[in-house]
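J.: below are the sequence and a predicted model for it; my questions follow.
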Amino acid sequence: MEIFKITDSGANVSNIAYMYGGLSEVLSSSSRKFSAYDDGSRSVLEIEAVSGYADMIRAEIEDKIADVIAVNYKYSYFASTLRPYGLAEDERGILISALISADIDDDRTYIKRKITSDGEYAVDGIFNFRLAPLKKKWEDVASYIPETFNVEKLKDFISFILEEKTGVRVFVENGRVFDRHFRRINRTALTGRNYKADRLVNEILLSGCGEAELLTRLAEEEENYLREFIGGKIIFGKTYFNA
């Protein structure tokens with residue numbers, strides 16, 4: 001039997017909630033105990049592995065920690081740093097999601113390489129003490145963003161990023177985004193934002209994909225956002241026209 005304990009600061013309860021939701025389905029048959037709680041100072045997720053499943057559970061935990069740092073911590077950093085003149089607030093959010101998307105695979109790989117654990121993971125500790133080069137890279141990226149921006153530049157930037165990821169596809173069904181194994185992607189939950197029609201654009205960008213296939217119809221305003229910012233990287237599946 002092996003027990004895993006993942007913690008983050010009390011202010012980052014949403015990160016623990018994200019990991020709980022993302023791991024609960026995967027680990028439903030491989031853990032005896034699976035609980036999230038606040039211990040008075042920190043947010044905690046505790047998992048007791050079924051015998052023989054510890055390595056698999058460890059890999060899933062570290063994958064979700066990589067999501068939390070590569071999305072939540074990076075989004076928080078850029079949100080406090082980048083306020084280019086010329087973009088509305090929802091457009092600024094899309095810019096930040098696009099910046100995260102550009103390096104999300106490399107960031108996640110680097111983060112996972114830096115995680116070591118005896119079964120306990122302090123997410124904020126990993127970020128603060130093991131990832132200094134990653135933080136420096138984020139600072140460098142932020143320094144390159146001009147003080148003035150506009151929507152056309154944003155669209156061009158998104159097109160460039162998506163073109164670099166050609167062949168990586170996600171699927172959109174009933175407003176939810178899924179990867180090629182049809183596992184749900186819900187990284188917008190890590191941004192701390194209240195979304196309206198722009199949520200789906202951000203979700204697709206944060207997935208790190210190069211194209212999105214629509215399997216069902218969307219609300220008109222959501223689809224207009226997708227057409228405006230993702231444009232030619234939208235694919236309409238056969239089921240879309242039958243919905």
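T.: Noted; the coordinates are in hand. Since this is a predicted model, take the numbers as computed values, not measurements.

J.: contacts, neighbours, all on C-alpha from now
T.: Noted.

J.: what helices or strands is the worst-scoring helix or strand of the chain on mean pLDDT leaning on?
T.: Averaged element by element with mean pLDDT, DSSP states H and E, the chain has its least confident helix or strand at strand 31-38 (a mean of 84). Taking 3 or more Cα pairs under 8 Å, 6 or more residues apart in numbering; DSSP states H and E as contact, the helices and strands that strand 31-38 lies on are helix 13-26, strand 42-49.

J.: again, only this time at 10 Å
T.: The contact analysis (3 or more Cα pairs under 10 Å, 6 or more residues apart in numbering; DSSP states H and E) places strand 31-38 against strand 2-9, helix 13-26, strand 42-49.

J.: tell me which of the ones you listed is the most buried.
T.: Mean neighbours per residue, mean count of other Cα atoms under 10 Å, is largest over the helices and strands packed on strand 31-38 for strand 42-49, with a mean of 21.

J.: tilt between that strand and strand 31-38?
T.: Relative orientation of strand 42-49 with respect to strand 31-38: 180 degrees, computed using axes from the mean of the first three to the mean of the last three Cα atoms, to 10 degrees.

J.: ok now strand 42-49, how far from the chain's centre?
T.: Centroid displacement of strand 42-49 relative to its chain, using Cα atoms, centre = their mean, to the nearest Å, is 21 Å.

J.: only the C-alpha atoms, please, for it, written as CSV.
T.: Provided in CSV are the C-alpha atoms of strand 42-49 (Å, rounded to 0.1, in the frame of the first residue of the first chain):
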residue,chain,number,x,y,z
ARG,A,42,-3.2,24.1,2.9
SER,A,43,-5.5,22.4,0.3
VAL,A,44,-4.9,18.7,0.2
LEU,A,45,-5.6,15.7,-2.1
GLU,A,46,-4.9,12.3,-0.5
ILE,A,47,-4.8,9.0,-2.5
GLU,A,48,-4.3,5.5,-1.1
ALA,A,49,-3.1,3.2,-4.0
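
J.: now do the strands in the chain.
T.: 2-9, 31-38, 42-49, 120-122, 169-173, 176-178, 184-185, 211-214, 234-236 (DSSP state E).

J.: kindly reformat the ones you listed as JSON lines containing distance to Leu95.
T.: Converted to JSON lines, the strands of the chain look like this (distance: least, Cα to Cα, whole Å):
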{"stretch": "strand 2-9", "distance to Leu95": "27"}
{"stretch": "strand 31-38", "distance to Leu95": "32"}
{"stretch": "strand 42-49", "distance to Leu95": "29"}
{"stretch": "strand 120-122", "distance to Leu95": "29"}
{"stretch": "strand 169-173", "distance to Leu95": "20"}
{"stretch": "strand 176-178", "distance to Leu95": "19"}
{"stretch": "strand 184-185", "distance to Leu95": "19"}
{"stretch": "strand 211-214", "distance to Leu95": "17"}
{"stretch": "strand 234-236", "distance to Leu95": "19"}
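
J.: weakest of those by average pLDDT?
T.: Lowest mean pLDDT within the strands of the chain: strand 31-38, a mean of 84.

J.: low-confidence ranges in this structure?
T.: Counting by pLDDT under 70, the chain contains low-confidence residues at 29-31, 243.

J.: perfect, that will be all.
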